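# model the following, please.
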Amino acid sequence: MTVKEVADYAQLNKCAVYRLAVSRRLPRFKVGANWRFKRGDIDGWIAAQSPSAQEAGDPLKDKKV
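The predicted model follows:
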């Protein structure tokens, strides 16, 4: 997928896709000078952004401090 396709698919701004790609927070690879994305990787990334996935990964969630 291209940056534009990811932006449309994930309902993000193209600048946000670039920013996430450059900061390595979005799974991507380069073909020449262009970023490319695998749909399966984007689906996994979107799923990991959900609140329930973030709570499941929080080791302090159930601990009393």
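# and for residue 20, nearest residue in space, chain neighbours not counted?
residue 26 (3.7 Å; Cβ to Cβ, 6 or more residues apart in numbering). (Glycine included, C-beta is placed from N, CA and C.)
# part of a helix, is that neighbour?
No. Read with DSSP: H, G, I helix; E, B strand; the rest coil, residue 26 is coil and lies in no helix.
# thought it was touching residue 46?
No. In this structure, residue 26 is not within contact of residue 46 by Cβ atoms under 8 Å, at 10.1 Å.
# who has more neighbours, those two?
residue 26 (20 against 14; other Cβ atoms under 10 Å).
# got the contact list for the residue nearest to residue 20?
6, 17, 20, 37, 42, 45 (Cβ atoms under 8 Å, 6 or more residues apart in numbering).
# with residue 1 instead?
Neighbours of residue 1 in contact, by Cβ under 8 Å, 6+ apart: 9, 36-39, 42.
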